[in-house]
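Peer 1: with the input below, show me the fold.
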Amino acid sequence: MKIPLFIFGTCLSSFIYANIFRSKHKDFNLRSHCDKCNKQLRWWMLVPIVSYFLLKGRCYYCKEKLSIIYPIYELIGGLFFSYLAFYITNIKQLIIFSIIALSMLIMMADDIQNNEINSLFNYLLLLIYLLIVPFSKDRLISCLAISIIFLFLKLIYQEGIGLGDIEFIIINTYPLNLYLSFKCLLIACLLALIVSYKKRKGIAMIPFLCLAYYFLIIRVLFFFF
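Peer 2: Sure thing, here's the model as predicted:
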């Protein structure tokens with residue numbers, strides 16, 4: 001189960017990233033091609049993760065360097081879906097957990113390429129959490145507390161964390177609690193610091209937030225079924 005889900009996740013994430021890239025650059029060519037020389041790519045150049053290393057990180061035709069983000073993002077997609085194998089016992093869980101994984105993967109790719117996310121995916125996550133996780137006063141207080149903290153930080157550092165990031169943090173605090181949410185935030189910040197070391201420009205935070213929250217969210221939601 002883990003291997004088929006991993007393969008599915010890598011293929012799906014490759015498809016997502018390519019289509020968001022094409023949408024950004026208004027490239028509606030149905031056939032995959034090199035963005036530099038426009039040569040059509042063969043099937044063996046499109047195998048998730050593997051092709052990057054077969055091609056030694058460069059286009060087969062023009063030798064243009066390929067971004068390392070491609071195989072990393074595909075690997076994350078594979079890990080997201082293969083992780084579900086530990087927590088799937090019925091079709092309902094498979095569908096719901098897959099929607100969560102898909103939503104986070106789309107937000108990650110969107111933030112990496114466009115420095116913004118579609119809030120609809122945040123609201124979709126919220127709807128799923130509200131349907132699965134029983135409402136409680138403690139959860140409401142946790143969400144309100146983290147809302148106040150990050151909205152206050154947003155007022156002070158307007159060019160820092162984005163509103164989409166804040167939405168994501170608040171929404172994903174609901175199925176957890178304040179303590180677990182802060183642990184996830186700490187992991188996300190550490191990952192971002194490692195990746196952005198010596199970089200002066202801004203960095204997309206949603207990929208790190210998704211990596212920090214996703215695995216714990218799936219584990220917690222499993223116990224509410």
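
Peer 1: tell me the contacts of residue 181?
Peer 2: The neighbourhood of residue 181, defined by Cβ atoms under 8 Å, 6 or more residues apart in numbering, consists of 142, 146, 169, 172, 173. Every residue, glycine included, has its C-beta placed from N, CA and C.

Peer 1: now do the SS call for residue 154.
Peer 2: Assigned by DSSP: H, G, I helix; E, B strand; the rest coil, the conformation of residue 154 is helix.

Peer 1: ditto for residue 44
Peer 2: Going by three-state DSSP, the secondary structure assigned to residue 44 is helix.

Peer 1: not counting its neighbours along the chain, what's nearest it?
Peer 2: What sits nearest to residue 44 in space, not counting adjacent residues and going by Cβ to Cβ, 6 or more residues apart in numbering, is residue 51, at 6.6 Å.

Peer 1: which helix or strand contains that neighbour?
Peer 2: With elements taken from DSSP states H and E, the one containing residue 51 is helix 50-54.

Peer 1: pLDDT on that helix, on average?
Peer 2: Within the predicted structure, the mean pLDDT of helix 50-54 is 93.

Peer 1: ok, then the element right after it?
Peer 2: helix 69-83.

Peer 1: what does the helix or strand following that next one contact?
Peer 2: Along the chain past helix 69-83, the next helix or strand (assigned with DSSP H and E) turns out to be helix 91-114. Taking contacts as Cβ under 8 Å, 6+ apart, the residues outside helix 91-114 that touch it are 9, 12-13, 16-17, 20-21, 24, 69, 73, 76-77, 80-81, 84, 87-88, 116-118, 121-122, 124-125, 128, 132, 164, 168, 204-207, 210, 214, 217-218, 221-222, 225.

Peer 1: how about helix 91-114: buried residues?
Peer 2: Buried residues in helix 91-114, defined by neighbour count with 16 or more other Cβ atoms under 10 Å: 93, 96-98, 100-113.

Peer 1: again with stretch 151-171
Peer 2: Buried residues in stretch 151-171, counted by 16+ other Cβ under 10 Å: 154, 162, 164, 165, 166, 167, 168, 169, 170, 171.
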